[in-house]
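**Q** here is my input; please provide its structure:
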Amino acid sequence: MQPSEWGSSVYVIHDSRLKPHQRSSLLHVPSNYGKQPVPLIVAMHGKGQPPAEFESHTQLSNADVNPDAIVVYPEGVKVQAPESL
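**A** Alright, predicted model coming up:
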């Protein structure tokens, strides 16, 4: 997984119920995060774009755009046409 220009951490999830069984995500936690509840944004994209590229396009990890919310950028998977499911 390519690194984040905003310093987001890479998290890997292993779960046999998922396809593929291993998925990676970038997780952005704002620098001012404390004990107060904050919004969670799950930034989903519609193509096989790497999470760091989507993070860069959305700017949701940029403190000037999003000073408070935690953001998760899941890794995309291969898209199947609906008729092949």
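
**Q** what are the C-alpha coordinates of the helix or strand of the chain with the lowest mean pLDDT, in PDB please?
**A** For the chain, counting by mean pLDDT, DSSP states H and E, strand 9-14 ranks last in confidence among helices and strands (a mean of 77). Coordinates of each C-alpha in strand 9-14 appear next as PDB, following Å, rounded to 0.1, in the frame of the first residue of the first chain:
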ATOM      1  CA  SER A   9      -1.700   5.000   9.600                       C
ATOM      2  CA  VAL A  10      -2.100   1.800   7.700                       C
ATOM      3  CA  TYR A  11      -4.300  -0.900   9.200                       C
ATOM      4  CA  VAL A  12      -4.700  -4.400   7.900                       C
ATOM      5  CA  ILE A  13      -7.800  -6.400   8.700                       C
ATOM      6  CA  HIS A  14      -7.800 -10.200   8.400                       C
END
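
**Q** just give the nearest non-adjacent residue to residue 48, would you?
**A** Distances taken as C-beta to C-beta, 6 or more residues apart in numbering place residue 76 nearest to residue 48, at 4.6 Å, with adjacent residues excluded. Glycine gets a C-beta too; all of them are placed from N, C-alpha and C.

**Q** now do the SS call for that neighbour.
**A** coil (DSSP: H, G, I helix; E, B strand; the rest coil).

**Q** which residues touch it?
**A** With contacts defined as C-beta atoms under 8 Å, 6 or more residues apart in numbering, the neighbours of residue 76 are 45, 47-51.

**Q** what are the boundaries of the helices in this structure?
**A** Along the chain, counting by DSSP state H, helices occupy 51-58.

**Q** any idea how far residue 14 is from the residue most central in space within it?
**A** For the chain, the residue nearest the mean C-alpha position is residue 73 (0.6 Å; C-alpha atoms, centre = their mean). Separation of residue 73 from residue 14 (C-beta to C-beta, to the nearest Å): 18 Å.

**Q** now do residue 40
**A** 21 Å.

**Q** try residue 41
**A** The spacing between residue 41 and residue 14, counted by C-beta to C-beta, is 24 Å.

**Q** the two: which is more packed in?
**A** The neighbour count for residue 41 versus residue 14, taken as other C-beta atoms under 10 Å, is higher for residue 41 (16 against 8).
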